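Enquirer: Sharing a sequence plus its predicted fold:
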Amino acid sequence: MLTKIYEQNPSEKELQRVVDVLERDGVVIYPTDSVYAFGCSIRSPKAIERLRRMRGKQPGQLAVVFADLAQVAEYCRVDNAAFRILKRNLPGPFTFVLTASSRVPDKALEKRRTIGVRIPANGVARAIVERLGAPLITASVKDDDEVVEYTTDPELIHERYGREVDLVIDGGTGDNVPTTVVDLTQDEAEVLREGKGELQ
């Protein structure tokens, strides 16, 4: 199913439809400020397992999308230095690696103790998390071994993945530049991957 949600004025009805899918262990594809992404509720072990199988992901390759910094602080250990960096750069096209707290379910972590944290500068992504009342486990829609032209077009994404996921959100043309990944688990912030975001 393909549903259109505008970033400026996300439809309450359409957002509720997305949340209903997520609360029933569903997996959706939604727009972010970088590439389109797969997402499922952090509260659904069944959906997390499905997402991992679908993407062939190792535990560390899944990130978590939050609505705001207060929510990040509930699920991660954030010291003052890390908080200042997060505050300067989020919302934005970054994935920050932080130490997870015990609130992150084991299913999302497996044997790891860190998670990638995202707060996209995209109103649709944040509105979904706010309405769901829980973060989204997420993985980018991209194929490392294929040309990625189709990953910016929600209709082509729907053609490619519509049978695997429960819902694809058309939030307009996406980007095909991934996030900048920054490790904040050590004393100094370390850029692990250069991407769309420029660290402030």
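Expert: Here it is on my side, so go on.

Enquirer: Identify the single longest strand in the chain, thanks.
Expert: Longest strand in the chain by number of residues, with DSSP state E as the criterion: strand 94-100.

Enquirer: ok, that strand: who's next to it in the sheet?
Expert: Here strand 94-100 is paired, per DSSP bridges, with strand 76-77 (antiparallel), strand 114-118 (antiparallel), strand 180-183 (parallel).

Enquirer: What is the subsequent helix or strand relative to it?
Expert: As assigned by DSSP states H and E, the chain's next helix or strand after strand 94-100 is helix 106-109.

Enquirer: Which residues does that next one contact?
Expert: Helix 106-109 is contacted from outside by 42, 45, 48, 49, 59, 62, 64, 100, 115, 137, using C-beta atoms under 8 Å, 6 or more residues apart in numbering. Quick note: C-beta positions are derived from backbone N, CA and C, even for glycine.

Enquirer: Report the rounded mean pLDDT for that helix.
Expert: Averaging pLDDT along helix 106-109 yields 78.

Enquirer: Buried residues in it, which are they?
Expert: For helix 106-109, a neighbour-count test (16 or more other C-beta atoms under 10 Å) marks 107, 108 as buried.

Enquirer: count of neighbours near residue 183?
Expert: Around residue 183 sit 17 other residues, with neighbours defined as other C-beta atoms under 10 Å.

Enquirer: okay but it is in contact with residue 192, surely?
Expert: Yes: here residue 183 reaches residue 192: they are 5.5 Å apart, a contact under C-beta atoms under 8 Å.

Enquirer: Now do the shared contacts for these two.
Expert: Each of residue 97 lies in contact with both residue 183 and residue 192 under the rule C-beta under 8 Å, 6+ apart.

Enquirer: Please, where are all the helices along this structure?
Expert: Secondary structure of the chain, counting by DSSP state H: helices at 12-23, 45-55, 69-75, 80-89, 106-109, 123-132, 154-161.
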